[in-house]
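Enquirer: I would like to see how this sequence folds:
(one chain, ligands or ions: 1)
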Amino acid sequence: MRAALVQLNSSDDPAENLPTTQAFIASAAENGARFILTPEVTNCVSASRTRQSQVLQTEQADITLAALRQQAADLNIWLLIGSLALKTDDPDGRFANRSFLIGPDGAVAAWYDKIHMFDVQVSAKETYRESAGYRPGTRSVLAQAEFGKVGLTVCYDVRFPHLYRQLAQAGAQILTVPSAFSPVTGAAHWGVLLRARAIETGCYILAPAQTGAHHAVRGKQRKTYGHSMAIGPWGDVLADAGTEPGVIYIDLDLSEVSQARQRIPSLFATPDYGNPK
Ligand SMILES: O=C(O)CNC(=O)[C@H](CS)NC(=O)CCC(=O)C(=O)O
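Expert: Coordinates of the predicted model:
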């Protein structure tokens, strides 16, 4: 089964990002992909909460979700919308960072709100406080697609291996990690973290990413690392998108999942370590 990762340089204008995203999805389907994945915050990358309040919509009103559901149905594909930034009923006005798995009928097969918020001081000059703008999710999500079981995660979640182990032990064969990684932490950690999660779980890891310099507001500019990646269950990098927007392809063979787990049976070991002394 052929999968495709769409790498984007989303702006802070959902109406502008939608046709770009649709064009990449159409070309991926044309090239035979039956499962197509887009990055975190496909609809809007912004450094301004004011701007987000102006352009973001609720899930019910969101134009990107409606249009991409229709496109999945038209093309008869499975689609992971890595995430959409959406308005919620949160009393503090925070958005959701919500990932959607869409089936070829155009229906939402599963959705997941990013659990781990990127509240990090990368350096003296670079701080992120995702939890100020987004309400974290509270539940992990495993979905049944026609080609296999998919565990949904987002970006900074990749640093929390227990989530991946739980999803894999529950039956996941493919784990999705749509991202908008920072350039500094991306260069240091991105590929290694993705490979580690694949090796530990014996799952395919599919990680479509945002890339490049995004729209600047009053001197504040988001930049992202790119390098959308697909990792095989043995930990091998199957594809790396580099830093330009575009589409990369991989052919998935889920028998590789059981083969990797037969070779290294660590996933289902349940040692009792007692308490550290
Ligand atoms: O801001 C939005 O609109 C959507 N959220 C994101 O892009 C988030 C928070 S800034 N990015 C990450 O989680 C990067 C993680 C990362 O770079 C790392 O773990 O090193």
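
Enquirer: what helix or strand does residue 5 sit in?
Expert: strand 2-7 (DSSP states H and E).

Enquirer: Would you mark the buried spots in that strand?
Expert: 3, 4, 5, 6, 7 (16 or more other CB atoms under 10 Å). All C-beta spots, glycine's among them, are computed from the backbone N, C-alpha and C.

Enquirer: got the CA positions of stretch 151-167 in PDB?
Expert: This file holds the C-alpha atoms of stretch 151-167, laid out as PDB (Å, rounded to 0.1, in the frame of the first residue of the first chain):
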ATOM      1  CA  GLY A 151      -2.200   5.400  16.500                       C
ATOM      2  CA  LEU A 152      -2.600   9.200  16.300                       C
ATOM      3  CA  THR A 153      -0.100  11.500  17.900                       C
ATOM      4  CA  VAL A 154       1.200  15.000  17.200                       C
ATOM      5  CA  CYS A 155       4.700  16.600  17.200                       C
ATOM      6  CA  TYR A 156       6.000  17.100  20.800                       C
ATOM      7  CA  ASP A 157       4.200  13.900  21.800                       C
ATOM      8  CA  VAL A 158       7.100  12.100  20.200                       C
ATOM      9  CA  ARG A 159       9.200  12.800  23.300                       C
ATOM     10  CA  PHE A 160       6.900  10.700  25.500                       C
ATOM     11  CA  PRO A 161       7.700   7.100  24.700                       C
ATOM     12  CA  HIS A 162       5.100   5.600  27.000                       C
ATOM     13  CA  LEU A 163       2.300   7.000  24.700                       C
ATOM     14  CA  TYR A 164       3.800   5.100  21.700                       C
ATOM     15  CA  ARG A 165       4.300   1.900  23.700                       C
ATOM     16  CA  GLN A 166       0.700   2.000  24.900                       C
ATOM     17  CA  LEU A 167      -0.600   2.500  21.300                       C
END
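
Enquirer: With the ligand in mind, check whether it reaches it.
Expert: Yes. Against the ligand, stretch 151-167 shows contacts by CB under 6 Å from any ligand atom at 155, 156, 159.

Enquirer: Please apply the same query to stretch 106-123.
Expert: Yes. Contact of stretch 106-123 with the ligand (CB under 6 Å from any ligand atom) involves residue 118.

Enquirer: And that stretch, end to end?
Expert: For stretch 106-123, the separation between the terminal residues is 43 Å (CA to CA, to the nearest Å).
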